[in-house]
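> Pasting a predicted model and its sequence here:
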Amino acid sequence: MNAHRRIGPASLARLLGAWRGEGGGPAYRQLADGLRLLILDGRLPLDVVLPGERELAAVLEVSRTTVTAAMARLRDDGFLERRQGAGARTRLPAGPGARGGGLMALNEAEGLIDMASAAPPAADVVHAAFAAALAQLPAHLPNHGYSAVGLPVLREVIAERYTRRGLPTTPDQIMITSGAQHALALLIRLACGPGDRVVIDHPTYPHAIDAIQRASCRPVPVGLPDEGWDVEGLAAAFRQAGPRLAYFIADFQNPTGRWMSPDARGAIVQAAARARTTVIFDETLIDLWLDGPIQPYAFDARADTVVWLGSTGKSYWGGLRLGWIRADVPTIQALGPRRVSMDLGTPLLEQLAAAHLLSGDEASLVARRDMLRARRDVLIGLVRQKLPDWKVEAPPGGLSLWAELPAPVSTSLAAASERFGVRLAAGPRFGVDGAFERFLRLPYTQAPEVLADVVERLASAYGRLRPAPAGQRPQVGTLI
Ligand SMILES: Cc1ncc(COP(=O)(O)O)c(C=O)c1O
């Protein structure tokens, strides 16, 4: 089977959008520029076979010569590769690998303000929840304390939460894990073998890409369009790649903060089911809606081809290390024996604390959302004032802005910013193979006065960057 994915002419035209501008020079150059940006931004993934020149010319309503000249230019610049009889494939010009290390430094980066991790401090209810859990602990001490699926009381609380939100769930459909990351790694282990494919959004949460690659599976990135999700493109990826899994963060996408409409969810789940692909919805950020409550299950979500991941990491505290999987009963039963080769269950005290948090009232979540909404608006105001050529929009939820820079300098800006005391996660960290150099994730989890300081420092670092001239290697700007 041909391992390369193809993009259809209509999908490519949709991604290109308004590529032709008044006074923007010859059409072939504008077309080449448009395609080059799509590749650099990751909206057109690498290793994808483009449509034939004749088809593309027809859908874009330009002459075939224009398309031929644009393709030739992209090949010369290293953005396309043509193999005999196989069509033109997207690639990046040679350069150092751009996906860096983890989002979180293993040890706190000394003296740097951390704008790389998007994780708020503990909610003030966390300490009280641990105190209550400690008081309950003696009742559990006579037992051995191991459970690969989790404490019944917590599974019940979580099942009720889904049922209340419109997705009827029983406790035997829940497995407690040590965080959503652990949950994802477990699911990949269960569903996939080496070489299997997993569809992801592009950009997406970097540690999801890591989990897929570390399991020797292949991420199949599908670019996010300007708004929403490219449902047709995803359906085509399901058909062409035959993935075992597809991973989405529908509420609210990390890093863009997008929210997926019920219609898109329904259509994606249906298309995935036709390809026998299991859809994973990672709901780690679901409590962090900032512009109005959401209805996550307003589509028919009962299909056994859908699995949900949850976590207390962002709603309450990352240090709890507590997450869960919601799936059909056979999947939960199959996960138990897989898990025991890795660990024998999640710590009991954390489970008891999580049961308190998840069955408590909403007051602490309301306060958290108020705090994040205020910080989001502060950060947007600061960026618009101090970095006016960056494009930032308010996401409806989540923890970060996905800033669009006017030039592909994200990696060099991240490098320069360290000299100004700020640690950043550059755009390519959120893609596969070095895309997203024109983007930067900016978390709004820090206090307003820290954000003000950060933006000053970023403006200084950015002011010292000069984008590399056109035609040179795109990843790195020049620090002067
Ligand atoms: C989308 C998403 N999923 C999972 C995680 C990790 O969650 P946990 O701390 O529960 O492992 C994060 C943390 O940033 C995240 O943003």
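Received, thanks. Residues are numbered from 1 along each chain as shown.
> for the top helix by length along the chain, which positions count as buried?
Using DSSP state H to define each element, the chain has its longest helix at helix 363-386. For helix 363-386, the neighbour count (16 or more other C-beta atoms under 10 Å) marks 364-365, 368-369, 371-373, 375-376, 378-380, 382-383, 386 as buried. Placement of C-beta: from N, CA and C, glycine included.
> check contacts around the closest residue to the ligand within the stretch 351-480 of the chain.
For the stretch 351-480 of the chain and the ligand, the shortest gap (C-beta to the nearest ligand atom) falls at residue 399, measuring 7.5 Å. The contact partners of residue 399, taken as C-beta atoms under 8 Å, 6 or more residues apart in numbering, are 118-120, 254, 257, 285, 288, 314, 372, 443-445.
> One more: residue 448?
374-375, 378.
> again, only using 7 Å
Applying C-beta atoms under 7 Å, 6 or more residues apart in numbering to residue 448 gives the contacts 375, 378.
> where does it fall, phi/psi-wise?
For residue 448, the backbone dihedrals (degrees, to the nearest 10) come out as phi -50, psi -40.
> Likewise for residue 142?
With angles defined as degrees, to the nearest 10, residue 142 sits at phi -70, psi -20.
> swap in residue 48?
As for residue 48, its main-chain torsions (degrees, to the nearest 10) stand at phi -100, psi 140.
> give me the number of residues near it?
Applying the criterion other C-beta atoms under 10 Å, we find 22 residues in the vicinity of residue 48.
> Tell me the bridge partners for it.
With DSSP bridges applied, the residues forming beta bridges to residue 48 are residue 5.
> ok, it touching residue 91?
No. Taking contacts as C-beta atoms under 7 Å, residue 48 lies outside contact range of residue 91: 9.6 Å.
> which bits of the stretch 201-350 of the chain sit near the ligand?
Applying C-beta under 6 Å from any ligand atom, one finds that the stretch 201-350 of the chain approaches the ligand through 205, 249, 254, 282, 284-285, 311, 313, 318, 323.
> Going by neighbour count, which of these comes out on top?
Neighbour tally across these (other C-beta under 10 Å): the maximum, 28 neighbours, falls on residue 249.
> which one is the residue positioned nearest the centre of the chain nearest to, not counting chain neighbours?
What sits nearest the mean C-alpha location of the chain, by C-alpha atoms, centre = their mean, is residue 204, with 2.3 Å. Of all residues not flanking residue 204 in the chain, residue 430 sits nearest, at 6.4 Å (C-beta to C-beta, 6 or more residues apart in numbering).
> which ones are touching the one you found?
Taking C-beta under 7 Å, 6+ apart as the definition, contacts of residue 430 comprise 203-204, 206, 255, 436, 441.
> Apply 8 Å and report the result again.
Contacts for residue 430 were tallied using C-beta under 8 Å, 6+ apart; they are 42, 203-206, 255, 436, 439, 441.
> Out of those residues, who's the most crowded?
In those, the most neighbours by other C-beta under 10 Å go to residue 255, 31 neighbours.
> how about that one, phi and psi?
Here the main-chain torsion angles of residue 255 (degrees, to the nearest 10) amount to phi -100, psi 0.
> Mind pulling up the pLDDT for it?
Among the per-residue scores, residue 255 shows a pLDDT of 97.
> could you measure it against residue 440, distance?
Taken as C-beta to C-beta, to the nearest Å, the spacing of residue 255 relative to residue 440 amounts to 9 Å.
> Could you name every residue contacting both of these two?
Counting by C-beta under 8 Å, 6+ apart, the contacts common to residue 255 and residue 440 are residue 402.
> interface residues of the stretch 51-200 of the chain facing the ligand?
179-181.
> Sticking with residue 93, tell me its helix or strand.
When secondary structure is defined by DSSP states H and E, residue 93 falls outside every helix and strand.
> related to what we said a few turns ago, nearest to residue 327, of the buried residues of helix 363-386?
For the buried residues of helix 363-386, the residue nearest residue 327 by C-beta to C-beta is residue 365; the value is 24.9 Å.
> For the closest one, which residues are in contact?
Per C-beta under 8 Å, 6+ apart, neighbours of residue 365: 123, 287, 315.
> By neighbour count, which of those wins?
residue 315 (22 neighbours).
> how about that residue, what does it touch?
Residues near residue 315 by C-beta under 8 Å, 6+ apart: 123, 287-288, 357, 365, 368.
> Test my guess that residue 71 contacts residue 52.
No. Using C-beta atoms under 8 Å, residue 71 is not in contact with residue 52, being 10.3 Å away.
> more crowded one of those two?
Neighbours per residue, other C-beta under 10 Å: of residue 71 and residue 52, the larger number sits with residue 71, 21 against 14.
> got the contact list for that one?
With contact taken as C-beta under 8 Å, 6+ apart, residue 71 is in contact with 32, 50, 53, 80, 88.
> One more pass at 10 Å, please.
Contact partners of residue 71, counting by C-beta atoms under 10 Å, 6 or more residues apart in numbering, are 28, 31-32, 35, 50, 53, 56, 79-80, 82, 88.
> re earlier: shared neighbours of residue 48 and residue 91, anything?
residue 39.
> Neighbour-wise, give me the winner out of the residues of the stretch 51-200 of the chain next to the ligand.
With neighbours set by other C-beta under 10 Å, the maximum within these is found at residue 180, which has 26 neighbours.
> Tell me which helix or strand residue 55 sits in.
Taking DSSP H and E as the definition, residue 55 sits inside helix 53-60.
> follow-up on the earlier one: between residue 71 and residue 52, which contacts overlap?
Counting by C-beta under 10 Å, 6+ apart, the residues touching both residue 71 and residue 52 are residue 88.
> Quick check: residue 423 is in a helix.
No. Residue 423 is assigned strand when assessed by DSSP: H, G, I helix; E, B strand; the rest coil, not a helix.
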